[in-house]
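Asks: Fold the following and give me the result.
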Amino acid sequence: MGYSDIYLYVAGVAMLAAFGIPLLVVPLRWALFLRWEIPQTENLVVFLGRSLGIFISLLAVFAFKVTSSPAAKPFFFDMMLWLFVAMIALHAYGAIRKTQPITETIEILLWVVLFLITLCFYPL
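Replies: Next comes the predicted model:
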């Protein structure tokens with residue numbers, strides 16, 4: 001097992017634990033933990049949180065799956081890198097517009113670090 005395989009297993013577990021499962025199972029509690037204000041009508045928020053939770057959970061599952069498919073690793077790493085770039089842009093936009101809690105602005109650092117770590121483990 002190479003370093004990129006180990007990284008994909010760690011990334012998959014982290015995605016499931018930090019985002020995928022919490023957003024899928026308890027999206028409002030996850031949002032409150034990150035200091036989001038919850039609107040009175042919660043149905044849309046719950047739906048969108050669960051949708052995002054499913055997406056992140058699928059990414060995590062495919063991180064595990066791609067370890068056994070060396071030809072697919074560069075594609076998966078590219079997808080993760082572009083996802084991290086998009087998350088940096090999304091959180092920067094929210095910070096500039098002041099439409100998100102401070103925890104989301106601080107999260108920009110997380111996405112930058114994840115981008116750099118992913119580059120370090122990129123399969124050659």
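
Asks: Would you quantify the distance from residue 101 to residue 80?
Replies: According to C-beta to C-beta, to the nearest Å, residue 101 and residue 80 sit 25 Å apart. Heads up, the C-betas are built off the backbone N, CA and C, glycines and all.

Asks: who's more crowded, those two?
Replies: Here residue 101 and residue 80 are set side by side on neighbour count (other C-beta atoms under 10 Å), and the busier one is residue 80, at 21 against 14.

Asks: hang on, isn't that one packed against residue 11?
Replies: Yes: at 7.3 Å, residue 80 counts as touching residue 11 under the criterion of C-beta atoms under 8 Å.

Asks: list residues touching both of these two?
Replies: residue 118 (C-beta atoms under 8 Å, 6 or more residues apart in numbering).

Asks: tell me the SS of residue 38?
Replies: coil (DSSP: H, G, I helix; E, B strand; the rest coil).

Asks: who's in contact with it?
Replies: With C-beta under 8 Å, 6+ apart, residue 38 has these contacts: 28, 31-32, 45.

Asks: Among these, which pair sits farthest apart?
Replies: Distance extremes for those: the farthest pair is 32 and 45 at 10.8 Å, using C-beta to C-beta.

Asks: Looking at those two, which is more packed in?
Replies: residue 45 (15 against 12).

Asks: Buried residues of the helix or strand hosting residue 119, list them for me.
Replies: Element membership of residue 119 [criterion: DSSP states H and E] is helix 102-120. Buried residues in helix 102-120, counting neighbours by 16 or more other C-beta atoms under 10 Å, are found at 104, 107-108, 111, 114-115, 118.

Asks: which among the residues you listed gets closest to residue 70?
Replies: Nearest member of the buried residues of helix 102-120 to residue 70, counting by C-beta to C-beta, is residue 118, at 16.9 Å.

Asks: so what's that closest one up against?
Replies: Residue 118 sits in contact with 7, 11, 77, 80-81, 84, where contact means C-beta under 8 Å, 6+ apart.
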